[in-house]
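Asker: Give me coordinates for this.
(one chain, ligands or ions: 1)
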Amino acid sequence: MADGFAALTVVVVMARHARTARMSIVFEQLSLQRGVQTVLSNLNLHIGRGEWVGLIGSNGSGKSTLLSALAGLLPIASGRILVDGHPAGTLAARRLLGKAIDPAQLPLGLTGQQLLELVAEARQVGLSVPQDTMALAESFRLTPALTKLIATYSLGMKQKLGILAGLIDAPPYWLLDESLNGLDPPSAFVLKQYLQAAQARGISTLLATHSLDLAERHFSRVLILADGQMLADWTSDHLAQLRAHPEQSVEAALVAACMSNPVPA
Ligand SMILES: Nc1ncnc2c1ncn2[C@@H]1O[C@H](COP(=O)(O)OP(=O)(O)OP(=O)(O)O)[C@@H](O)[C@H]1O
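Answerer: Modelled structure (predicted):
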């Protein structure tokens, strides 16, 4: 009888584990290289649904490399990345991710509208741009510019378009690399509200950023990368403790944590 109960417990635990892995991003013993340089080594990480993760680290610490590998844009040196159980880079994994397009990668010869329609078609959400995307464009005050060539856009306008295009079909995981850079304050506010609302709907955002003040209110988790390793993984409980402390700030604690590690050579 006791053996039967133990076996049942093992089955239940394994089933729960499998379900959790199916609804999350998993990095297992992950190592990433750029040329001959090892950028990250033996990273183990689990990111569930409904998290807003701030990816922090000094210049060159590997934030963009990690996001690109997750999006399937860079090869994996060793280990693996699974997105809801699908290996990174596979079509199934790509469909679950939305990565804001880098402003420098936008096709300058198209109008903003043409790009959004192309992406909508490629992501199979239909021939027209989803209502939600157009509403965000309106909140960004980008609508009048959509009929113009991307070549005529300012950096902030390109940043907004890259976000709109990357998140067009609202997949469950959003990857943003310094996406608040260059946004005017009202648009930055809109984006923060948008990400917060998405989080409440169970969408997870990974945002690589140097804006540590975002951790003060917004992130539910903070990962600090340094020297090819994950220096810290601050959970929502830890962040809540820091936020509640009358004499501490999350930003100051993050600066102290980052300063405790030397800048990579
Ligand atoms: N295209 C590339 N070719 C070769 N090495 C690269 C390339 N891009 C980045 N690297 C190297 O990979 C390492 C990690 O760079 P990465 O861009 O991921 O850092 P980051 O944390 O995003 O930096 P930043 O905060 O400056 O954006 C750095 O040492 C960098 O020099």
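Asker: which residue packs closest to M23, ignoring adjacent ones?
Answerer: Nearest residue to M23 in three dimensions, chain neighbours excluded: R49, at 5.6 Å (C-beta to C-beta, 6 or more residues apart in numbering). Using the backbone N, CA and C atoms, a C-beta is placed for each residue, glycine as well.
Asker: In three-state terms, label the one you found for me.
Answerer: Here R49 is recorded as coil under DSSP: H, G, I helix; E, B strand; the rest coil.
Asker: Pull the number of nearby residues for it.
Answerer: 16 (other C-beta atoms under 10 Å).
Asker: and what of D237?
Answerer: Neighbours of D237 (other C-beta under 10 Å): 9.
Asker: SS state for it?
Answerer: helix.
Asker: Count the neighbours of S211 for me.
Answerer: 16.
Asker: What of the one 10 residues further on?
Answerer: Using other C-beta under 10 Å as the criterion, R221 is surrounded by 21 other residues.
Asker: Now do the contacts for the closest residue to it other than its chain neighbours.
Answerer: Distances taken as C-beta to C-beta, 6+ apart place V53 nearest to R221, at 4.8 Å, with adjacent residues excluded. The contact partners of V53, by C-beta atoms under 8 Å, 6 or more residues apart in numbering, come to 47, 204-207, 219-223.
Asker: before we move on, back to that, for the residue nearest to M23, grab phi and psi.
Answerer: Backbone geometry at R49, expressed as degrees, to the nearest 10, gives phi -80, psi 150.
Asker: Strands of the stretch 51-200 of the chain, residue ranges please.
Answerer: Under the criterion DSSP state E, counting those that start in this stretch, the stretch 51-200 of the chain carries strands at the ranges 52-57, 78-83, 86-87, 97-99, 173-177.
Asker: in what helix or strand does L225 lie?
Answerer: Taking DSSP states H and E as the criterion, the element that holds L225 is strand 221-226.
Asker: quick one, that strand and strand 52-57 angle?
Answerer: Inter-element angle recorded for strand 221-226 and strand 52-57: 20 degrees (by axes from the mean of the first three to the mean of the last three C-alpha atoms, to 10 degrees).
Asker: Does the ligand have contacts with strand 221-226?
Answerer: No: for a cut-off given as C-beta under 6 Å from any ligand atom, strand 221-226 has no contacts with the ligand; the smallest distance is 6.6 Å.
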